[in-house]
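1. Sharing a model that was predicted from the sequence below.
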Amino acid sequence: MGPRNVPLERENPDLLASPYTDSGTIPNLKFSFATARNRLITGGWAREVTVRELPVATELAGVNMRLKPGGIREMHWHKEAEWGFVLAGRCRITAIDELGRSFVDDVGAGDLWNFPSVIPHSIQGLEQGVEFLLVFDNGSFSENETFLLTDLFAHTPRDVLAKNFGVAEAAFAHIPVDVEHERYIFAGQVPGPIAADVVQSGGGIVPHTFSHHMMAQEPIRAPGGWVRITDSTNFPAASTIAAALVNIEPGAMREIHWHVTDEWQYYIAGRGRMTVFASGGKARTFNFQAGDVGAVPHGMSHYVENLGDEPLRYLEMFRANRFMDVSLNQWMGLTPPELVQAHLNLDAQTMAALRKDKPIIVASRR
Ligand code: MN
Ligand code: MN
């Protein structure tokens, strides 16, 4: 009878009328980039979902960024490792490591990168511009607190700069010293062919490449979809962040499972729901669509079900060296059947259906 925000209620039907199995108080496990403040700048935009937006997600933070053609994410570094996934378009990324070994690459949709802690780097949009997701291995990270090249120059005495670079003080008369002492994201010219952008280093190139073609990996196929897992075993640079790109067909479901570390999710396409079981009789169900972030504290079991007519695609992210999950079905299938039956009173047909392998994604029974 009272006022309602109908569009938001339509996006969250399982909050409005929860499954009968939901119970108890569970912290919020969803935040959409659509409700994060967007920082619009000349060369593009950026918005972030951190522990301030989603308090339960203390281990990872995410940034959704767009760079126009030629748009430059300023040369910078930060304490946190940065994992990046290209959503659309293309960009050029550069970095060096502590031994002066260089790195430059062009990446497109489905490619990712990982810059370890404090490694300085840059990102620039190519012809069609670029949009990507960044994930950092600290929920308290802020994209607004990175170490920026222009900020460093603006806060170093000119005579010290002159001494550092062995030139006259006048050489720094025109460095940017605007109100915010930074460029952060700014417009630029689309760079030429990558071969012309390779700066030769006496130290050579970085031994473990900072980029990776995730979509070129052979996926793990299941009847209800596929998964591509990227962690330090197949991408050594990603030593602190592990990822799984999950694609679930309509009606299918990521099986009930749990992890040793917190999960941070980013939804890329489709529409689905997830119930998180938190022990002590507590469970809560959330709905997700493209652009949403989900969180699951470690140990809590969950499934992700595709409720739409198109594939549901999302990233499972972990602050971990390796991807790991525990399957409910496999656990029960590898436990003495009499023991399982003593708990749940299952019939023989259901007991026979239990799996010794890991289903990962189960197809719709219809
Ligand atoms: Mn960065
Ligand atoms: Mn999971």
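-> Noted; the coordinates are in hand. Ligands and ions are numbered 1, 2, ... in the order given.
2. all contacts plus neighbour counts: C-alpha atoms, from now on.
-> Noted.
3. would you list every one of the helices in the stretch 1-150 of the chain?
-> Along the stretch 1-150 of the chain, counting by DSSP state H, counting those that start in this stretch, helices occupy 6-11, 13-16, 149-154.
4. Which elements pack onto the helix or strand just after the last one?
-> Scanning forward in sequence from helix 149-154, with DSSP states H and E defining helices and strands, the next element found is helix 158-165. Contacting helix 158-165 under the criterion 3 or more C-alpha pairs under 8 Å, 6 or more residues apart in numbering; DSSP states H and E is no other helix or strand.
5. Would you mind listing the buried residues in helix 158-165?
-> 158, 161 (16 or more other C-alpha atoms under 10 Å).
6. ok now that helix, how far from the chain's centre?
-> 39 Å (C-alpha atoms, centre = their mean, to the nearest Å).
7. What pairs with the helix or strand just after that helix, parallel or antiparallel?
-> Following the chain from helix 158-165 toward its C-terminal end, the next helix or strand by DSSP H and E is strand 185-186. Note on strand 185-186: by DSSP bridges, its sheet partners are strand 72-77 (antiparallel).
8. Give me the distance between residue 314 and residue 19.
-> Here residue 314 is placed at a distance of 23 Å from residue 19 (C-alpha to C-alpha, to the nearest Å).
9. now do residue 85
-> Residue 85 sits 34 Å away from residue 19 when distances are taken as C-alpha to C-alpha.
10. of the two, who's got more company?
-> Remark: of residue 85 and residue 19, residue 85 carries more neighbours, 24 against 14, as counted by other C-alpha atoms under 10 Å.
11. Correct me if wrong: the more buried one contacts residue 136.
-> No - Residue 85 is not in contact with residue 136 according to C-alpha atoms under 8 Å; the separation is 11.8 Å.
12. hmm, back to that, which among the helices of the stretch 1-150 of the chain is found nearest to residue 232?
-> Smallest distance to residue 232 across those (C-alpha to C-alpha): 29.7 Å, for helix 149-154.
13. avg pLDDT for that closest one?
-> Predicted confidence along helix 149-154 averages 93 (mean pLDDT).
14. for that helix, which positions count as buried?
-> Applying a neighbour-count criterion of 16+ other C-alpha under 10 Å, one finds 149, 150, 151, 153, 154 buried in helix 149-154.
15. can you give me the strands in the stretch 201-350 of the chain?
-> Along the stretch 201-350 of the chain, the stretches classed as strands by DSSP state E, counting those that start in this stretch are 211-213, 220-222, 225-230, 242-248, 253-258, 263-269, 271-277, 283-289, 292-296, 301-306, 312-318, 326-327.
16. Including mean neighbour count, could those go into a markdown table?
-> Written out in a markdown table, the entries for the strands of the stretch 201-350 of the chain read as follows (neighbours: other C-alpha atoms under 10 Å):
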| stretch | mean neighbour count |
| --- | --- |
| strand 211-213 | 20 |
| strand 220-222 | 15 |
| strand 225-230 | 21 |
| strand 242-248 | 24 |
| strand 253-258 | 23 |
| strand 263-269 | 23 |
| strand 271-277 | 22 |
| strand 283-289 | 23 |
| strand 292-296 | 23 |
| strand 301-306 | 23 |
| strand 312-318 | 25 |
| strand 326-327 | 18 |
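17. Name the residues that touch stretch 174-193?
-> Residues external to stretch 174-193 that are found in contact with it (C-alpha atoms under 8 Å, 6 or more residues apart in numbering): 41-45, 67-74, 124-127, 148-151, 153-154.
18. measure residue 191 to residue 124 for me?
-> When C-alpha to C-alpha is the yardstick, residue 191 and residue 124 sit 8 Å from each other.
19. Of the two, which one has the most company?
-> Neighbour count, other C-alpha under 10 Å: between residue 191 and residue 124, residue 124 has more, with 29 against 17.
20. picking up where we left off before, which residues are in contact with each of residue 191 and residue 124?
-> Between them, residue 191 and residue 124 share the contacting residues residue 70, judged by C-alpha under 8 Å, 6+ apart.
21. Skip the chain neighbours and tell me the closest residue to residue 12.
-> residue 287 (5.3 Å; C-alpha to C-alpha, 6 or more residues apart in numbering).
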